[in-house]
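> what follows is a predicted protein model with its sequence.
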Amino acid sequence: MEKRSENQPLDKLSVGFGVSFLIASIFNGLLLIVKETSPSLMAWMKSFSGHHWITHGIFVIGLFILLGLALSETDLNQKIDANKISGMVIAGTLLGGLMVLGFFFGNLFA
Amino acid sequence: MWKELTTMPHVMFGVFGILCALWVAAEAANSSEANWRRMKLASIGTTIFLWLSYLIGGWWYVVYYGVAVSNSDKSIILAGPWKWSHTFFMETKEHFFFMLILLSILLPIVVFRNPVFKERKIRNLTIVIALTIVVLGLGMEGFGAMITKGVKMSLMGGR
């Protein structure tokens, strides 16, 4: 059995997409808040694909993929290790999730 | 009948995706070169099943759930006593789902491109991603139940 090491760096694509997850998750929450409070953006998003939620998905998933590919071309993996990406996954989930939850929870009392 | 039957694959594939992510977490926790192949298989399964759940659920949401007719699920819920099962649970669910989809792309990238069994930090990252998918996925299942209950409450007149 091979011994576990602590020195193997995470590959570039994993680091790029890990960082991209944090950003795209926050973007998901921000886009939700902006579109729900801006009738003109909501109308534009509806007209773009036929449904605002489809447009929302195209933007969030598109940003995640494009940013992930772009960041994986950099040397971020020399500075960011797997532990930091774990933190980013947790932070992205909590921040993005709380933005969505908080917005709709607040709306219940509006 | 078609409309009713096509609600099931969204939930079913979502559950399969959660189970595959749990499988990845279990393999990663006991990772060795011998089970790396299974870990890869389970990570791809997570991606495929969650995307199927997303695409089928999204199609159902756009075509049936939210259309502006009096007998759509959304209209039925909003006419009843549990309006918040749409305004909170459905609205939150449809935007939470994107995080699951992003994680379902990230998971196989990490598993395929890194020797998970060799490096403790990468193993832990794999477990973090997989378990986050499990937690979010189970949350989605619960939210779905609340939405269904919202329709039921409306049809039963709030009793």
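Good, I have the coordinates.
> roughly how far does residue B:134 sit from chain A?
12 Å (CB to the nearest CB, to the nearest Å). To be clear about C-beta, it is placed using only N, CA and C from the backbone, and glycine gets the same treatment.
> correct me, but that residue touches residue B:22?
Yes: Residue B:134 is within contact range of residue B:22, at 5.3 Å (criterion: CB atoms under 8 Å).
> quick one: residues contacting residue B:43.
B:20, B:24, B:107-108, B:111-112 (CB atoms under 8 Å, 6 or more residues apart in numbering or on different chains).
> change it to 6 Å
Shown in contact with residue B:43 (CB atoms under 6 Å, 6 or more residues apart in numbering or on different chains): B:24, B:107-108, B:111.
> now for those, which pair is the farthest apart?
Using CB to CB, the contacts of residue B:43 span at most 9.0 Å, a distance reached by B:24 and B:108.
> between those two, which one's more packed in?
The neighbour count for residue B:24 versus residue B:108, taken as other CB atoms under 10 Å in any protein chain shown, is higher for residue B:24 (31 against 21).
> tell me the secondary structure at residue B:82.
coil (DSSP: H, G, I helix; E, B strand; the rest coil).
> got the phi/psi numbers for it?
Main-chain dihedrals, residue B:82, degrees, to the nearest 10: phi -110, psi 50.
> that one contacts residue B:155, doesn't it?
No: contact between residue B:82 and residue B:155 fails when scored by CB atoms under 6 Å: they sit 10.9 Å apart.
> against residue A:72, how distant is the spatially closest residue to residue A:50 that is not a sequence neighbour?
Once flanking residues are discounted, residue A:50 sits nearest to residue B:62: 7.8 Å by CB to CB, 6 or more residues apart in numbering or on different chains. For residue B:62, the distance to residue A:72 (CB to CB, to the nearest Å) stands at 32 Å.
> neighbour count winner among these two?
Using other CB under 10 Å as the criterion, residue B:62 and residue A:72 rank with residue A:72 on top: 21 against 15.
> ok, that one - contacts?
Per CB under 6 Å, 6+ apart, neighbours of residue A:72: A:12-13, A:16.
> checking the residue nearest to the spatial centre of chain A next. Helix, strand or coil?
Central residue of chain A (CA atoms, centre = their mean): residue A:24, 2.0 Å from the mean position. What three-state DSSP gives for residue A:24 is helix.
> tell me how many other residues crowd residue A:50.
Residue A:50: 10 neighbours (other CB under 10 Å).
> scratch that, residue A:43 is what I was asking about
Neighbours of residue A:43 (other CB under 10 Å): 12.
> and the gap between it and residue B:94?
Distance from residue A:43 to residue B:94, by CB to CB: 19 Å.
> and for residue B:54?
Taken as CB to CB, the span from residue B:54 to residue B:94 is 10 Å.
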